[in-house]
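>>> can't give you the sequence, but here's the structure:
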């Protein structure tokens, strides 16, 4: 059960009363608690802060591995979005997935990780996408920090939860929420560039980020017409300036040649 927008997924926005206790309350700019500890897919206790302060942004997803539908769609969508970006998890950014079902085990996290790394088809990612479980209340504290609200539905025997992933800066600040079950590579790339604050990407990426901005209504990045027009204006001025400069220097060179020619030849 969850909040999603794709055909076939369960859409819940229209019935808020039936889903009290589930949703996302954005906390952009807040810093998540990096002292929390989880169990990774190798059975080791790891500190959340170990994935931060590495000079790269972090994508965080909260799911549970035995979810009958929505969590798999979220992870599939995230994997597809990552495939379409030439940044490599582990190099330019880090991905951290944590189960909010306290009954799930490291073995299950390991199996899920193996499936998604195989699906991703990029062996170099390796530890760039880490899967975890949380046998205690640590994940609840993390969910509260990012504004991710979920609950166990006794009647349906599954968790009710929204579909979103969180993009954080390298020091743990919430930079962007991406919603749904299909994460467009352009949105993933721009969210990473935004969270990286200039630490990854090329000059063209920076221009691209200047020309797009996140639209909460569209729940994605859209063209920022004002900045595109400004950029076009600057480019026009530069082109015209260059053309005028070329013509001016050409005329100057021609005048100098005429001045150096004997007077009789000029006439």
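Now that the structure is in, tell me what you want to look at. Since the structure is predicted, the reported quantities are computational estimates derived from the model, not experimental observations. Numbering: from 1, shown residues only.
>>> Looks to me like residue 132 is in a strand.
Yes: with DSSP: H, G, I helix; E, B strand; the rest coil as the criterion, residue 132 is part of a strand.
>>> Tell me how many other residues crowd the closest residue to it other than its chain neighbours.
Nearest residue to residue 132, sequence neighbours excluded (C-beta to C-beta, 6 or more residues apart in numbering): residue 38, at 4.0 Å. Where C-beta positions appear, they are placed from N, C-alpha and C, glycine not excepted. Residue 38 has 25 neighbours, counted by other C-beta atoms under 10 Å.
>>> bridging residues for residue 38?
residue 46 (DSSP bridges).
>>> Contacts only, for it.
Residues near residue 38 by C-beta atoms under 8 Å, 6 or more residues apart in numbering: 45, 46, 48, 98, 132, 133, 134, 138, 139.
>>> which of the residues you listed tops the neighbour count?
residue 133 (26 neighbours).
>>> Surely that residue is in contact with residue 108?
Yes: when contacts are counted by C-beta atoms under 8 Å, residue 133 is listed as touching residue 108 (7.2 Å).
>>> okay, and the common contacts of these two?
residue 99.
>>> Poorly predicted segments of the chain, please.
Across the chain, the ranges flagged by pLDDT under 70 are 1-19, 225-241, 262-267.
>>> Can you show me the strands along it?
Applying DSSP state E to the chain gives strands spanning 2-3, 23-24, 37-40, 45-47, 58-63, 94-99, 129-133, 148-149, 151-153, 158-162, 164-168, 174-179, 212-215, 220-223.
>>> how about residue 186, what does it touch?
84, 212, 221.
>>> Could you do residue 124 as well?
88, 90, 91.
>>> For the last one, give me its contacts.
Going back to what we said before, that points to residue 91. 56, 124, 128.
>>> Just give the nearest non-adjacent residue to the first one, would you?
What that stands for is residue 56. residue 93 is the one closest to residue 56 (C-beta to C-beta, 6+ apart), at 5.0 Å.
>>> Surely that neighbour is in contact with residue 87?
Yes: taking contacts as C-beta under 8 Å, residue 93 lies within contact range of residue 87: 5.9 Å.
>>> ok, the two, which is more surrounded?
More neighbours surround residue 93 than the other of residue 93 and residue 87, with 27 against 21 (other C-beta under 10 Å).
>>> which among the contacts of residue 38 gets closest to residue 205?
residue 48 (27.6 Å; C-beta to C-beta).
>>> I'd guessed the closest one sits against residue 142; true?
Yes: Residue 48 is in contact with residue 142 according to C-beta under 8 Å; the separation is 7.2 Å.
>>> Lovely, talk soon.
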